[in-house]
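what follows is a predicted structure for the sequence shown.
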Amino acid sequence: MSKADIIAKLRQDLLSLQGLRPASDPLNVGLGLIESAFPNDTFPTGAMHEFLSDTAEDAAATYGFIAAILAPLMQLGGACVWIRKTNKIFPPALTAFGIRPDQVIFIDQSNDRPTLWAAEEALKCPGLAAVILEIQDISLIASRRLQLAVEQSRVTGFIIRYKPRSLHTIASVAQWRIQAYASVSHNGMPGLGFPRWQIELLRVRNGKPGKWLTEYMDGRLLPVVSEAAQIIPEQNVRRKIG
């Protein structure tokens, strides 16, 4: 075995120990250029992803972005469990992202303790495609329990934190911030255009943080390139994470 082969094997072993196991058939979730920010140029499934939102508009954009990722995850079979505190999702709207509403099980909870319990139990079920947890704040210990669950079941987890009181680090493979961006109509047609989101990957384990302006069209994210919207490389991202 050559030196390069030994180094490659060690890198794969380290990723596995950190909860990033390479899939035998990597799933393309339609993120385009963003996928190059992750190890092996592949969106990490079977891991926890954290999303931060400060406004209602950005929370709505976050819902849309997660729905765009859910569609290819659910094509392989399995339902999604969505645990929420407020009823802000209009289920029929999920069809715009290729998701049948009957594939999503909504659990409404107003208290953090049963919410975390439901999320952990759902993440232990390998028959699910994904679990989404809406919660304002979560401790490192609680998030670690969720991470341990996904490492066994290989279910992909999403934590949406709306107006978090603390930005302390939690157990997640990536931390995102999705912001709404004005759409542009196409072909001179009146009305709204395709959804546009400014996607910021604040932190990613063994990857490269960055910022992108994208448009969701035909089941995939396309980069928006203009004078006011250029892809921002990693070295220009200077947001401090608490």
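The structure has been received and is ready for your questions.

going forward, measure contacts between C-alpha atoms and count neighbours the same way
Fine.

sketch out the low-pLDDT regions of this protein for me.
Applying pLDDT under 70 to the chain flags the ranges 1-26, 188-191, 225-242.

quick one, strands of the protein?
For the chain, strands defined by DSSP state E occupy the ranges 48-53, 80-84, 104-108, 130-134, 156-162, 174-181, 196-204, 210-217, 220-223.

could you identify which of those is most buried?
Of those, the one with the most neighbours on average (mean count of other CA atoms under 10 Å) is strand 130-134, at a mean of 25.

for the helix ranked longest in the chain, list every residue counted as buried.
If you go by DSSP state H, the chain has its longest helix at helix 56-74. In terms of neighbour count (16 or more other CA atoms under 10 Å), helix 56-74 has its buried residues at 58-74.

hmm, who's touching it?
27-31, 51, 53, 80, 94, 97-99, 129-130, 162, 177-180, 197, 219-220 (CA atoms under 8 Å, 6 or more residues apart in numbering).

give me the angle between it and strand 104-108.
140 degrees (axes from the mean of the first three to the mean of the last three CA atoms, to 10 degrees).

CA atoms of helix 56-74 as PDB?
Taking C-alpha atoms only, helix 56-74 is exported to PDB below (Å, rounded to 0.1, in the frame of the first residue of the first chain):
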ATOM      1  CA  ALA A  56     -40.100  34.800  10.000                       C
ATOM      2  CA  GLU A  57     -39.000  35.300   6.300                       C
ATOM      3  CA  ASP A  58     -35.800  33.500   6.900                       C
ATOM      4  CA  ALA A  59     -37.600  30.700   8.700                       C
ATOM      5  CA  ALA A  60     -39.800  30.200   5.700                       C
ATOM      6  CA  ALA A  61     -36.800  30.100   3.400                       C
ATOM      7  CA  THR A  62     -35.300  27.500   5.700                       C
ATOM      8  CA  TYR A  63     -38.400  25.400   5.500                       C
ATOM      9  CA  GLY A  64     -38.200  25.600   1.700                       C
ATOM     10  CA  PHE A  65     -34.500  24.700   1.500                       C
ATOM     11  CA  ILE A  66     -35.000  21.700   3.800                       C
ATOM     12  CA  ALA A  67     -37.900  20.600   1.700                       C
ATOM     13  CA  ALA A  68     -35.700  20.700  -1.400                       C
ATOM     14  CA  ILE A  69     -33.300  18.300   0.300                       C
ATOM     15  CA  LEU A  70     -36.100  16.100   1.700                       C
ATOM     16  CA  ALA A  71     -37.400  15.300  -1.800                       C
ATOM     17  CA  PRO A  72     -34.500  13.200  -3.000                       C
ATOM     18  CA  LEU A  73     -34.000  11.700   0.500                       C
ATOM     19  CA  MET A  74     -37.600  10.400   0.500                       C
END
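
ok and that helix relative to strand 174-181, angle-wise?
120 degrees.

how far does helix 56-74 sit from the chain's center?
Relative to the chain's own centre, helix 56-74 is displaced by 8 Å; criterion: CA atoms, centre = their mean, to the nearest Å.

swap in stretch 31-43?
Stretch 31-43 sits 12 Å away from the centroid of its parent chain (CA atoms, centre = their mean).

good, we can wrap up now.
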